[in-house]
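> quick one, fold the following:
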Amino acid sequence: MRLRQIALVGADLAACSADIAAVLGVDRPYDDPGVHKYGLRNAVFAVGRTFLEVVSPQQPGTTAGRLIDKRGGDGGYMVILQTRDLAGARATATAAGARIVEQIDRDGYAATHFHPRDVGGAILSIDWMDPWDRWEWGGPDWRSSGGADAHLAIVGAELQAEDPAAMAARWSQVLGLPARNENGWRIALEDGELRFVPVSDGRGEGLRGFDVATADPDTILARARTRGLAVDDGAIELCGTRLGIVRAPATTSA
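Numbering: from 1, shown residues only. Here you go, the predicted structure:
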């Protein structure tokens, strides 16, 4: 499996989108009409060949809106992994007791959302695309967007938990991947990882942050400071999440 998309939730979609575009140097996000049925609007940015989404509630009673209320503001929402073995991934997760709350099966792409109470920390989606590089949620023209050719990639998701070891074990069960305690609990993915850390911000369990690899961390940090965003120990507070910057070679794998 690989980490293909991170979704954030923001009360002000325009403000979150403007910060993302300015800090990461990406543009032309996709407004996915498929989320409108959930009472949401969104913006999906290509970050190299990975994706960063912001969803924003447009009516009362949405899951996204309840999360904003529960956690006291904007923050992390969903982790989307891509698998080559859809049937196997679904079987592993359901055998572990993770309930499917949304299933999409179309020609050449599929998605499976699992109940966050059965996994912990965030909504988990396990998706499949044919061909492997396709990404339906990025829109039909994501390859020509301003971020698709950037030397960027989302390479990590950080979930905070009251008991990181227990949450890591649960994700391990659901995904069928080993969790290891290597300077903190981690699950290795193709070109990335999931990390499980103690609750540190008083907001309860959730998707605390994500990591972006770039060949030019200094430029991203400078853009964040120019926007007036908090920068601490090489990380940026972006749309209620901690954006960690990882130095990478000038090219990233597809």
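
> so in the chain, where's the weakest helix or strand by average pLDDT?
Ranked by mean pLDDT, DSSP states H and E, the helix or strand of the chain with the weakest confidence is helix 63-71, at a mean of 89.

> which residues touch that helix?
9, 11, 38-40, 55-57, 74-75, 77, 123, 203-204, 206, 240 (CB atoms under 8 Å, 6 or more residues apart in numbering). C-betas here are computed from N, CA, C, even on glycine.

> can you rerun that using 7 Å?
If you take CB atoms under 7 Å, 6 or more residues apart in numbering as the criterion, helix 63-71 is touched by Val9, Ala11, Leu40, Val55, Pro57, Asp74, Tyr77, Arg203, Gly204, Gly206.

> and what of stretch 135-152?
Stretch 135-152 has contacts (CB under 7 Å, 6+ apart) with 4-5, 24-28, 30, 32, 44-48, 51, 109, 129, 212-215, 250-252.

> avg pLDDT for it?
Average pLDDT, stretch 135-152: 89.

> pull out the buried residues from that stretch.
Within stretch 135-152, the residues that qualify as buried are Trp135, Glu136, Trp137, Gly138, Gly139, Trp142, Ser145, Gly147, Ala148, Ala150, Leu152, counting by 16 or more other CB atoms under 10 Å.

> all helices of the chain, in order?
Assigned by DSSP state H, the helices in the chain fall at 13-24, 63-71, 86-95, 116-119, 164-175, 217-226.

> give the rounded mean pLDDT of the fourth one.
Confidence over helix 116-119, taken as the mean pLDDT, stands at 94.
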